[in-house]
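1. The sequence isn't on hand, but the structure is:
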């Protein structure tokens with residue numbers, strides 16, 4: 001998936017109110033001036049919002065939008081990048097499911113996004129195929145890394161995430177496929193684990209969910225200022241987090 005317009009390098013001044021960031025573009029019509037950019041990530045962004053960080057922005061000319069810039073990437077200054085837009089994973093995975101690019105789910109030919117399930121939730125995707133059990137797929141964007149090459153989730157306490165695991169467990173007990181799909185939006189990680197120290201309740205819920213039959217799939221992304229694409233499966237690590245496969 002290529003970015004619709006070329007990204008512009010910038011320096012981060014600060015992120016605030018979750019969805020706003022003060023930035024200084026290095027090139028373009030506002031080069032050297034402080035402007036406000038939209039931050040499309042409601043999470044903590046632990047380790048990704050340090051003042052002075054080099055980031056990449058997308059400029060838009062839509063007069064209906066209040067902000068002219070959207071924050072897209074964090075540049076780690078070593079050739080690696082992290083994608084911070086939490087909307088990307090679902091867009092990429094929908095295309096991948098429809099194309100049959102995920103081997104574990106390639107037999108499904110019907111992809112239904114945002115379907116109601118559980119008590120009050122919507123699952124990201126419901127996959128259907130003739131003669132196959134329905135597959136309920138919940139997607140999580142992974143951006144945290146505190147150790148070289150190792151991605152972690154979550155980056156803050158997530159009661160919502162634990163609720164999703166409980167609801168997926170019920171789906172599995174009812175004879176359907178229930179899948180937690182972690183998409184690592186970093187180009188510098190080859191492994192994945194759960195951040196048990198950040199949210200032990202989520203780690204415990206994950207272990208219980210897998211015992212109930214919930215499947216775990218984890219893939220990486222390739223990303224740079226030109227675009228982002230789904231990449232290879234990521235090795236999942238053990239260690240107090242259940243049998244991640």
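-> Arrived safely, thanks for sending. Predicted, not measured: the structure shown is a model, and the values here were computed from it.
2. can you pull up the bridge partners for the residue nearest the centre of the chain?
-> Compute the mean C-alpha point of the chain, and by CA atoms, centre = their mean the closest residue is residue 141, 1.5 Å away. Counting by DSSP bridges, residue 141 forms beta bridges with residue 183.
3. Also residue 127?
-> residue 111, residue 135.
4. give me the number of residues near it?
-> If you count neighbours by other CB atoms under 10 Å, residue 127 ends up with 23. All C-beta spots, glycine's among them, are computed from the backbone N, C-alpha and C.
5. just the one 5 residues further on next, same as before
-> Other residues within reach of residue 132 by the criterion other CB under 10 Å amount to 15.
6. Can you pull the phi/psi pair for it?
-> phi -110, psi 150 (degrees, to the nearest 10).
7. What count of nearby residues applies to residue 4?
-> For residue 4, using other CB under 10 Å, the count is 8.
8. can you tell me which residues contact the closest residue to it other than its chain neighbours?
-> With CB to CB, 6 or more residues apart in numbering as the criterion, residue 4 has its nearest non-adjacent residue at 7.7 Å, and that residue is residue 58. Neighbouring residues of residue 58 by CB atoms under 8 Å, 6 or more residues apart in numbering: 3-5, 7-8, 69-70, 72.
9. Per the annotation, how does this structure divide into domains?
-> Using automatic domain parsing, the domain parsing of the chain gives 8-82, 88-236.
10. deepest of the ones you listed, which one?
-> Highest mean neighbour count among these (mean count of other CB atoms under 10 Å): domain 88-236, with a mean of 18.
11. mind checking how far that one is from the chain centre?
-> Distance of domain 88-236 from its chain centroid, counting by CA atoms, centre = their mean, to the nearest Å, is 9 Å.
12. Specify the local secondary structure of the closest residue to residue 156 other than its chain neighbours.
-> Nearest non-adjacent residue to residue 156, counting by CB to CB, 6+ apart: residue 44, 4.0 Å away. When classified by DSSP: H, G, I helix; E, B strand; the rest coil, residue 44 comes out as coil.
13. do the same with residue 208
-> Classified using three-state DSSP, residue 208 is helix.
14. how near is the nearest residue to it once chain neighbours are set aside to residue 77?
-> Once flanking residues are discounted, residue 208 sits nearest to residue 169: 6.7 Å by CB to CB, 6+ apart. Per CB to CB, to the nearest Å, residue 169 is found 41 Å from residue 77.
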